[in-house]
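Engineer: Sharing a model prediction with you, sequence too.
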Amino acid sequence: MDISEWDKRYIEAYESVARNISCVNGIFVAYNSNVDAIKHIGPGDVENLLRKVDVETVQQRIFSYPRQIDSPVDFLARLLIAMKDGKAAEIPTYSTDIHEWLTDNLVFDEARMGGQAGIISNLLANMDLNKVIAYIPWLSPEQADYFVSSPNLLHPFVREGRMELLPPAEASNSDYKAKVNWIIEFNKGLSVKYAEDRIIVPRNNRLIISSRPPWIRIDMSDEVYEHLPEMGKTVDGAILSGYQMIKEAYEDGKTYRDYVERAVGAIGQLKKANPDICIHVEFTSIQNKFIRSAILNDIVHNHVHSLGLDTVEVANALNVLGYEELAYSVIKKEEDAIVALYEGAVRLLHELKLQRIHVHSLGFYICVVSKDCPIDVEQHLDSLLFASTTAASRALQGGIKGFEDIKAGLDVPISTQGMDQIDKLGAYLVRQGKCNLEDFEKGCICTRNHDVLIIPARVVDHPVDTVGIGDTISASAFAAVLAGMCSPREN
Ligand SMILES: Nc1ncnc2c1ncn2[C@@H]1O[C@H](COP(=O)(O)OP(=O)(O)O)[C@@H](O)[C@H]1O
Ligand SMILES: O=P(O)(O)OC[C@H]1O[C@](O)(CO)[C@@H](O)[C@@H]1O
Ligand SMILES: [Mg+2]
């Protein structure tokens, strides 16, 4: 299809999902939410920060590639790496030092809801979903303020052994403090001079400094855990995220195993009274390869139906699953990168026994689907098109306040670079005899072992910011898939 045909198909998809979304009973969302302190880096900002440290040391630190932020030098090294490649990354910090240094030296522009579970809960509530049950283990009063106040957004609250679902503001616990992450947004074209080098940022993206205070646990209170079957019965799906914060070892002698087992147990609890519940995990950039591997092999594998992630995260997942060569081909900026991305997604689908793996990339989405996924490919394509419209609207306006806001995304141009990338994959699939060109051009390819949905995405030239767009893509697609499952396509 050419761009005008895709435009028509986008409008059909939006209208179909708008008709069906009300049949979704509800979605359970857990674990991570935080406050995002967002700073849009401008000309001279990085140079000013570099003047406060020894640039030589930053240069050395770039080569050692710090996987956590312990000092301003670590921060500047990873910021320069991210800006040079225009790549998204999330780096943990275990002390408040960098937060204080950034507060003194950078000052943020805006504080907003952050964390996959936080962003996704607000998005789904604003999409007028019948019910969103959000569970944040560390819900402080300050954090609760960042949730939309809407009758369809509720949070479990246990009082004298009985569980109630209350607005987040009434379910918060004043013993908890807010967890604040720094989001450094940088725009395409920004130039940064350091030492003898000069960086020109190749695309809009962001670096996340994820604060990991010692009290963080990806876990549930026993009472909420006991009531999961009851909550699972009232929803069609669950979106889980935040596992990246699981540590290998804890001061009290517990290890990652305890929290992985608890995470798997929680999924089992959700399925107990609702075996048909659909479980989605939103992935993210995970610096600790051991934890990344444990999440994929021990939580996602065999327990989860749906996985959402971006291109770099596909490469990172392949890397720890033993596909180093393929991982490298995914991220090197070469002609066949999209082919490697497709082949990598296929391996992840089969290796992790998923029903669907939805990869979002700038300009296109690829969703590899197992043959037993209970939604037809046309409706699945609708969900991806709807997700791109929703993401475009968020990138354009900075957020989605109501379902009608999503429609603005239909006016955002479809990426021509995305179309060009997709054509390369099409040529490969036809050469491999996986499909004919006609099927490929419609975006739905049915092969013997799996189906593939590929769409060109709408891309906003100057997005308000980029943090959370991936969460928006995955969650709106997943909600639309659930809508498709409960309202079979009219022929
Ligand atoms: N300007 C833009 N317009 C539309 N979509 C965008 C734009 N910038 C990024 N995106 C989409 O958002 C995705 C970002 O995903 P990800 O890195 O997972 O973000 P996050 O985890 O912060 O939500 C990209 O892969 C791309 O599909
Ligand atoms: O790993 P953490 O600290 O929960 O942070 C998740 C980060 O990812 C995002 O949810 C974007 O996906 C940010 O809003 C947030 O800062
Ligand atoms: Mg993401």
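Structural biologist: The structure has been received and is ready for your questions. Residues are numbered from 1 along each chain as shown. Ligands and ions are numbered 1, 2, ... in the order given.

Engineer: Can you tell me how far whichever residue of the stretch 101-250 of the chain sits closest to ligand 1 is from Asp461?
Structural biologist: Going by CB to the nearest ligand atom, ligand 1 is nearest to Asn204 of the stretch 101-250 of the chain, at 5.7 Å. C-beta coordinates here come from the backbone N, C-alpha and C atoms, glycine included. As judged by CB to CB, to the nearest Å, Asn204 and Asp461 stand 9 Å apart.

Engineer: what sits up against the strand or helix carrying Cys367?
Structural biologist: In the assignment (DSSP states H and E), Cys367 maps to strand 364-370. The contact list for strand 364-370 (CB atoms under 8 Å, 6 or more residues apart in numbering) reads 338, 341-342, 345-346, 348-349, 354-359, 377, 380, 384, 387-388, 415, 418-419, 421-422, 425, 450-457, 473, 477.

Engineer: between Asn204 and Asp461, which one's more packed in?
Structural biologist: Asn204 (22 against 10; other CB atoms under 10 Å).

Engineer: residues touching that one, list them.
Structural biologist: Taking CB under 8 Å, 6+ apart as the test, what Asn204 contacts is 86, 185-188, 462-463, 466.

Engineer: 10 Å instead?
Structural biologist: 86, 185-190, 362, 395, 459-463, 465-466, 469 (CB atoms under 10 Å, 6 or more residues apart in numbering).

Engineer: The stretch 251-400 of the chain: strands as residue ranges?
Structural biologist: Using DSSP state E, counting those that start in this stretch, the strands assigned to the stretch 251-400 of the chain run over residues 278-282, 306-310, 356-361, 364-370.

Engineer: Quick check: residues of the stretch 201-350 of the chain near ligand 2?
Structural biologist: Within the stretch 201-350 of the chain, the positions near ligand 2 by CB under 6 Å from any ligand atom are 208, 210, 242, 244-245, 284.

Engineer: Out of the residues you listed, which is nearest to Ile216?
Structural biologist: Met245 (5.4 Å; CB to CB).

Engineer: Against Asn32, how distant is the closest one?
Structural biologist: 7 Å.

Engineer: Of the two, which one has the most company?
Structural biologist: Applying other CB under 10 Å to Met245 and Asn32 shows that Asn32 carries more neighbours, namely 27 against 23.

Engineer: Now do the residue nearest to that one when sequence neighbours are not counted against Ala480, distance only.
Structural biologist: Leaving aside its sequence neighbours, Asn32 sits nearest to Gly242 (CB to CB, 6 or more residues apart in numbering; 3.0 Å). Noted for Gly242: a distance of 23 Å to Ala480, by CB to CB.

Engineer: buried residues in stretch 123-141?
Structural biologist: By neighbour count on 16 or more other CB atoms under 10 Å, the buried set for stretch 123-141 is 123-127, 129-140.

Engineer: Send me it as PDB with only the CA atoms.
Structural biologist: The C-alpha coordinates for stretch 123-141 follow below in PDB (Å, rounded to 0.1, in the frame of the first residue of the first chain):
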ATOM      1  CA  LEU A 123      -3.100   6.500  29.500                       C
ATOM      2  CA  LEU A 124      -5.700   3.700  29.900                       C
ATOM      3  CA  ALA A 125      -7.800   5.700  32.300                       C
ATOM      4  CA  ASN A 126      -7.800   8.600  29.900                       C
ATOM      5  CA  MET A 127      -8.800   6.200  27.100                       C
ATOM      6  CA  ASP A 128     -12.000   5.700  29.000                       C
ATOM      7  CA  LEU A 129     -11.300   2.100  29.700                       C
ATOM      8  CA  ASN A 130     -14.100   0.600  31.900                       C
ATOM      9  CA  LYS A 131     -11.600  -0.100  34.700                       C
ATOM     10  CA  VAL A 132      -7.900   0.300  35.400                       C
ATOM     11  CA  ILE A 133      -6.600  -1.300  38.600                       C
ATOM     12  CA  ALA A 134      -3.100   0.100  39.300                       C
ATOM     13  CA  TYR A 135      -0.800  -1.300  42.000                       C
ATOM     14  CA  ILE A 136       2.300   0.600  43.000                       C
ATOM     15  CA  PRO A 137       4.100  -1.100  46.000                       C
ATOM     16  CA  TRP A 138       5.500   2.300  47.200                       C
ATOM     17  CA  LEU A 139       2.500   4.600  46.600                       C
ATOM     18  CA  SER A 140       3.300   7.800  48.500                       C
ATOM     19  CA  PRO A 141       0.800  10.700  48.700                       C
END
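
Engineer: Mind checking the pLDDT average for it?
Structural biologist: Average pLDDT, stretch 123-141: 97.

Engineer: That stretch and ligand 1 in contact?
Structural biologist: No: with CB under 6 Å from any ligand atom as the criterion, ligand 1 is not reached by stretch 123-141; the gap is at least 10.7 Å.

Engineer: and that stretch, does that touch ligand 2?
Structural biologist: No: Stretch 123-141 does not reach ligand 2 (CB under 6 Å from any ligand atom); its nearest approach is 10.2 Å.

Engineer: what does the stretch 51-200 of the chain put close to ligand 2?
Structural biologist: Going by CB under 6 Å from any ligand atom, the residues of the stretch 51-200 of the chain near ligand 2 are 90, 114-116, 119, 181, 183.

Engineer: can we see that at 8 Å?
Structural biologist: Residues of the stretch 51-200 of the chain that fall close to ligand 2, judged by CB under 8 Å from any ligand atom: 90, 92, 112-116, 118-119, 179, 181, 183.

Engineer: Let me have the residues of the stretch 201-350 of the chain next to ligand 2 in JSON lines, adding distance to ligand 1 and pLDDT as columns.
Structural biologist: Shown next, in JSON lines, are those (distance: CB to the nearest ligand atom, whole Å; pLDDT from 0 to 100):
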{"residue": "Ile208", "distance to ligand 1": "7", "pLDDT": "96"}
{"residue": "Ser210", "distance to ligand 1": "11", "pLDDT": "97"}
{"residue": "Gly242", "distance to ligand 1": "12", "pLDDT": "98"}
{"residue": "Gln244", "distance to ligand 1": "11", "pLDDT": "97"}
{"residue": "Met245", "distance to ligand 1": "14", "pLDDT": "96"}
{"residue": "Thr284", "distance to ligand 1": "6", "pLDDT": "95"}
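
Engineer: What about those, which are in strands?
Structural biologist: In strands, judged by DSSP state E, the following of these are found: 208, 210.

Engineer: now, among the residues of the stretch 201-350 of the chain next to ligand 2, which is nearest to Ile69?
Structural biologist: Closest to Ile69, out of all of these and judged by CB to CB, is Ser210, at 8.9 Å.

Engineer: Check the burial of the closest one by counting its neighbours.
Structural biologist: With other CB under 10 Å as criterion, Ser210 counts 25.

Engineer: and if you look at Gly443?
Structural biologist: 24.

Engineer: Also Glu261?
Structural biologist: 12.

Engineer: hang on, it packs against Asp298?
Structural biologist: Yes: applying CB atoms under 10 Å, one finds Glu261 in contact with Asp298, separated by 8.3 Å.

Engineer: follow-up on the earlier one: which pLDDT does the model give the residue of the stretch 101-250 of the chain closest to ligand 1?
Structural biologist: 91.
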